[in-house]
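**Q** Only the shape, not the letters, is given here:
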């Protein structure tokens, strides 16, 4: 206990960290390895202690003593014994079971604790995944069930430490070519932590250069690599980036997507194509065995679709790197990420990287639009299921968009929306390029390029722009409508404009129709952004002049 | 004492001095209930089988062992007993003193004698020894005979030696000589190392058994002190962890009671809380066992109770919750200790744990062993179960932590609970965080305006449209809220919160206007006229709607205030005409407390002993009693009366005698109605004053 400490341990296992406390930084460094940052508003940050978090810490080499010591040395109030015991107990569970290579039996599960081994072997879920028991402490594991077994063990509360190692894979020389650019320190750290850990997930905010971390990992592996990304545009960008940053030539990199089926030493595939089914069968499973991959990279792990988890279960002998901005999954399958891809190997809070100047800080402004009487009347009499659309696409809002666009003329600006009609209208009235789901990939890339090159400074985009595209020079984003304030979407949209620029502040406008269901959804967004630590302001559309 | 040595335990008891008699009554409280009338009566009770059995149950394992040893002999000396028990003479002497103090053992150290009721209670073969043989063998004979037995015979002897000297054999009384004897038992009978006790039983003669035992009386030794607590290094974190537990408990208890007040769960037919409601409470405090414990403790403290329709906090709860964390925690601990009053085993467990010095490593196994050493008659399984439960509770209360008994149990001053403050931090994600506990007033208001998110020594609250609306519903205006928040927030109020307050207020106000608020009804046209014509009427926007109905632009609150300033006493009404008061929190009356079973204080016992010694015995007192009652009736004066009721319980009352006839006395109790008691059941009557 430290009566003046910055940390408060709560009964519900959250940790409250007072940010303005002089020792807050030191405390944060001490607790970050085992506690997940849940909310980071301006004064008090909330961390949570979960079993997964503790096991992540374990995997990173921390032990119960360190965790307990961190709590005790920073906590302002005495910490209850039940929490200390529970931490020790939970951490003690990790690695009690190990998956190892056996000279004669192949893959085995080993435990020095007979009781634990007996307990898990008695579970119905484990039967069928393991073979004969060799002795009190060892049981044979079917190599094909390595991943599945780890999933089951995690659910049983005995996460296994996978020490069985990896196949080296087919060798392929890959080197980083740092001409005119350099790996940032945290990128080097992230790649190194991954490599020493074996397999696992690197958590970096959007715009912090996850692709480069991937490239650095490939340079470590020096082997053929399979990269799984969310969509075709992302695939092309990975390819461009790899060609630019590494010794790989375009010919060495294949694209495996809906349109092309190239398998090269480095192959980039989309989640969509690998999960495509024909006649109830996944038709592209051969991709995983097409080469002897030495490394598999998962981009945007938090979006990894369920079938890919199942396929990943069969890839446990290969090194796996997950890249993401957040470990939080909307479907709550964080445990699967942990057991199938691996524990968290590196995590840097957004604010820190931002403070180092790598990401532009964002200034979030919610603009309250007052609807006209006619609009309000239309809204009031509308059916509940079209109200959101009405509120989102009100003409009053469009007027404000035009106003904002005008104010930021000359600055790269994105207008983001959900309703294509409205976007068409806006594009027409501003004379801007429009990208929707119907735009061809070729057209899309061309438009992005001219936006990047500064030929155009305004782009109207629909939902398709949400995932994994790279718009390096956007400084202003105007959101007209969003899909019901999902956390994922907010992270993505904010990610769009969080790109390193010279001391500039990116601005994120969200337009909200006052006193409508739109405003209710805006509350989710506001909460999310404030929790992420971004300055959040509300302004009435009539008072836009007061903005600096 | 009378001349010479006492000849019976009754003599001993009659001869006890005041101090010793008080000690006896303390050690055996049943002797003082109902109130004995003479030392003779005390002696009589003390030797009754029921009382002796109760006294034996009060012995610890060592005292019982010494009593059993003494029971095996008519009389025995301390020295001999110590030798037979392979024990230190001092330890035996201590046990002997304890047995003497309980009037179970008497006579000089050289000739100790156990009271016969105790001898009977300890079974027909105390220490597994048969009674003296009618024609005992000499020790030489025994030695010779024993030397001749073979292994089979030896095995039979061994079986009969320690526990029960009697074995079952058919046709035991047949005459045999060694040559005819077939079985080992027959050979032993022929050798006279076994003796038939009847047709079906043989018995191992006492002198043989003693010889086989080789000077020991018991096979297993019994320690003369309870088993030690386990050896181990006690964790230096334990004290702090215990304190942490205590701090969280004090906060959690309030949280649970608050939740119960919000849920107002309907009690089961048996009066308990339904399993589903229990589960909800368990979720709130994060531990089912803890929730159950807290419900029991809060109930014991009369902070929550159930009426026919709901479980709710009581009127006492608010005062209690306003107290500092340490007082709250201390009262919970006290309630926990009292909870054990109704369960002998639990009582023993709690007392035993409490007796461990602070910093001592404690575990359930040792706790069980120690309780069993002190109370050997208790069931082992039951004690083990209770010991585990007691330790678990102690862990939840912070009385033990990380396997160590903490010093919190002795804490009489606040050992470092966080002090309550009045400030919190408001953030732009619409949370308010208080870095420590809040004073009750601030906490209650904050609970009204926000939803609680995270409990603990600190607390996190969230402003939502619903919560702000709740505050407005409860009579707060936005302006009042803003001022209050400004006053208690150590940060400037974030802009999103200002917007939230305004948004909600805008909606809130809108509904109020439609509900025709600001309508003023008066019962007198003249008053209405006066209001409309008052200089402030324009400012308040007062207009007349009907001869006795006015409307105002002002908010009802403002209008009511203004009307009050003008000397009126208006009542604000809601849409349907009900008065708009902030409803008081639902509370039930604090129930009466069930009396704790009490042991009489030393003073009370001393007073009793003095009476006994003064010879105010029953027979003599009976006449006096009648006299006191009669004079009480004559003078119509109040009397202090002790009597035994129909259930045999002793009662006391302040009474006046109405009639005294036919061996019955009709009384009126002060403030409690009439009563008829047979004079024979009146124990004591004394005029007041």
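**A** Structure's in. What do you need? Just so we're clear, the structure is a prediction, and the values are computed from it rather than from any experiment.

**Q** burial count for the residue of the stretch 401-548 of chain A found nearest chain B?
**A** Proximity of the stretch 401-548 of chain A to chain B (CB to the nearest CB) peaks at residue A:530, 3.5 Å away. Just so you know, the C-beta spots here come from the backbone N, C-alpha and C atoms, and that holds for glycine as well. Residues near residue A:530, counting by other CB atoms under 10 Å in any protein chain shown, number 23.

**Q** How about it: what's its closest non-neighbour residue?
**A** Distances taken as CB to CB, 6 or more residues apart in numbering or on different chains put residue B:429 closest to residue A:530, at 3.5 Å, once the chain neighbours are dropped.

**Q** Check residue A:235 too.
**A** residue A:268 (4.5 Å).

**Q** List the contacts of the nearest residue to residue B:435 once chain neighbours are set aside.
**A** Once flanking residues are discounted, residue B:435 sits nearest to residue B:458: 5.2 Å by CB to CB, 6+ apart. Contacts for residue B:458 (CB atoms under 8 Å, 6 or more residues apart in numbering or on different chains) come out as A:8, A:10, A:16, A:77, B:433, B:434, B:435, B:436, B:437.

**Q** Whichever of these end up buried, select them in ChimeraX.
**A** Typed into ChimeraX, the next command selects the buried ones out of those (criterion: 16 or more other CB atoms under 10 Å in any protein chain shown):
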select /A:8,10,16,77 /B:433,434,435,436,437
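
**Q** Report the helix or strand with the lowest average pLDDT across chain A.
**A** Least confident helix or strand, chain A: helix A:487-497 with a mean of 61, by mean pLDDT, DSSP states H and E.

**Q** what's around residue 271, how many residues?
**A** You didn't say which chain, so I picked chain A. If we define neighbours as other CB under 10 Å, then residue A:271 has 20 of them.

**Q** oops, chain B please
**A** A total of 11 residues lie near residue B:271 under the criterion other CB under 10 Å.

**Q** quick one: contacts for it?
**A** Contacts of residue B:271 (CB under 8 Å, 6+ apart): residue B:306.

**Q** Residues touching stretch B:75-82, excluding its own?
**A** So stretch B:75-82 is contacted by B:66, B:69-70, B:88-89, B:91-93, B:96, B:107, B:109-113 (CB under 8 Å, 6+ apart).

**Q** For chain A, what lies in contact range of chain B?
**A** Contact residues (CB under 8 Å from any CB of the partner chain) of chain A with chain B: A:1, A:8-12, A:14, A:16, A:18, A:39, A:41-44, A:46, A:68, A:72, A:76-85, A:368, A:515, A:519, A:523, A:526-527, A:530-531, A:535-538.

**Q** In helices only, show me those.
**A** Taking DSSP state H as the definition of helices, those contribute A:68, A:72, A:81-85, A:519, A:523, A:526-527, A:530-531.

**Q** Can you list the low-confidence ranges for the stretch 551-689 of chain B?
**A** B:575, B:580-586, B:589, B:591-598, B:615-622, B:689 (pLDDT under 70).

**Q** Strands along that one, start to end?
**A** Per DSSP state E, counting those that start in this stretch, the stretch 551-689 of chain B carries strands over the ranges B:639-644, B:650-661, B:664-669, B:673-678, B:682-687.

**Q** Of all these, which one comes closest to chain A?
**A** Short answer: strand B:650-661, nearest of the strands of the stretch 551-689 of chain B by CB to the nearest CB, at 46.1 Å.

**Q** Relative to the closest one, what are the paired strands and their orientations?
**A** Its sheet considered, strand B:650-661 pairs with strand B:639-644 (antiparallel), strand B:664-669 (antiparallel) by DSSP bridges.

**Q** quick one: residue A:184 from residue A:423, how far?
**A** 35 Å (CB to CB, to the nearest Å).

**Q** Also residue A:540?
**A** In this view, residue A:540 and residue A:423 are 24 Å apart by CB to CB.

**Q** So between those two, which is more surrounded?
**A** Using other CB under 10 Å as the criterion, residue A:540 and residue A:423 rank with residue A:423 on top: 24 against 13.

**Q** residue contacts, that one?
**A** Applying CB under 8 Å, 6+ apart, the residues near residue A:423 are A:415, A:417, A:434, A:436, A:460, A:461, A:462, A:480.

**Q** and the third one, how many residues sit next to it?
**A** Other residues near residue A:434 come to 20 when the count uses other CB under 10 Å.

**Q** so what's it scoring on pLDDT?
**A** Here, the pLDDT recorded for residue A:434 equals 89.

**Q** quick revisit: between the ones in helices among the residues of chain A next to chain B, which has the most around it?
**A** residue A:81 (28 neighbours).

**Q** quick one: it and residue B:399 touch, right?
**A** No - look at residue A:81 against residue B:399 with CB atoms under 8 Å: they stay out of range, at 10.8 Å.

**Q** list residues touching both of the two?
**A** residue B:242.

**Q** which bits of the stretch 251-400 of chain B sit near chain A?
**A** Checking the stretch 251-400 of chain B against chain A by CB under 8 Å from any CB, the hits are B:251, B:252, B:285, B:286, B:287, B:395, B:396, B:398.

**Q** thinking again about what came up before, quick one: secondary structure of the residue nearest to residue A:530?
**A** What DSSP: H, G, I helix; E, B strand; the rest coil gives for residue B:429 is coil.

**Q** about what we covered before: now do the SS call for the residue nearest to residue A:235.
**A** Assignment for residue A:268 (three-state DSSP): strand.

**Q** So in terms of bridging, what pairs with it?
**A** Note on residue A:268: beta-bridge partners by DSSP bridges are residue A:227, residue A:255.

**Q** so what's it up against?
**A** Contacts of residue A:268 by CB under 8 Å, 6+ apart are A:227, A:228, A:229, A:235, A:238, A:239, A:253, A:254, A:255, A:256.

**Q** Surely the fourth one is in contact with residue A:242?
**A** Read it as residue A:235. No - if you go by CB under 8 Å, residue A:235 and residue A:242 don't touch, sitting 10.7 Å apart.

**Q** Residue B:454 is in contact with residue A:12, correct?
**A** Yes - applying CB under 8 Å, one finds residue A:12 in contact with residue B:454, separated by 5.2 Å.

**Q** more crowded one of the two?
**A** Neighbours were counted for residue A:12 and for residue B:454 using other CB under 10 Å; residue B:454 has more, 21 against 15.

**Q** Please tabulate the contacts of residue A:423 in a markdown table, including the columns secondary structure.
**A** Listed next are the contacts of residue A:423 as a markdown table, based on three-state DSSP:
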| residue | secondary structure |
| --- | --- |
| A:415 | strand |
| A:417 | coil |
| A:434 | strand |
| A:436 | coil |
| A:460 | strand |
| A:461 | strand |
| A:462 | coil |
| A:480 | coil |
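
**Q** any chance of these in CSV, plus distance to residue B:553?
**A** Output for the contacts of residue A:423, formatted as CSV (distance: CB to CB, whole Å):
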residue, distance to residue B:553
A:415, 44
A:417, 42
A:434, 51
A:436, 51
A:460, 47
A:461, 49
A:462, 48
A:480, 39
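
**Q** how about the nearest residue to the residue of the stretch 451-600 of chain B found nearest chain A, chain neighbours excluded?
**A** Chain A sits closest to residue B:456 of the stretch 451-600 of chain B, with a gap of 3.2 Å, by CB to the nearest CB. The shortest distance from residue B:456 to any non-neighbouring residue, by CB to CB, 6+ apart, is to residue A:10 (3.2 Å).

**Q** Can you list the buried residues in the helix or strand containing residue B:532?
**A** Assigned by DSSP states H and E, residue B:532 falls within helix B:525-533. For helix B:525-533, burial by neighbour count (16+ other CB under 10 Å) applies to B:528, B:531.

**Q** what mean pLDDT does that helix have?
**A** So the average pLDDT for helix B:525-533 ends up being 81.

**Q** on contacts alone, who are the packing partners of it?
**A** With contacts defined as 3 or more CB pairs under 8 Å, 6 or more residues apart in numbering or on different chains; DSSP states H and E, helix B:525-533 has these neighbours: strand B:543-546, strand B:549-551.
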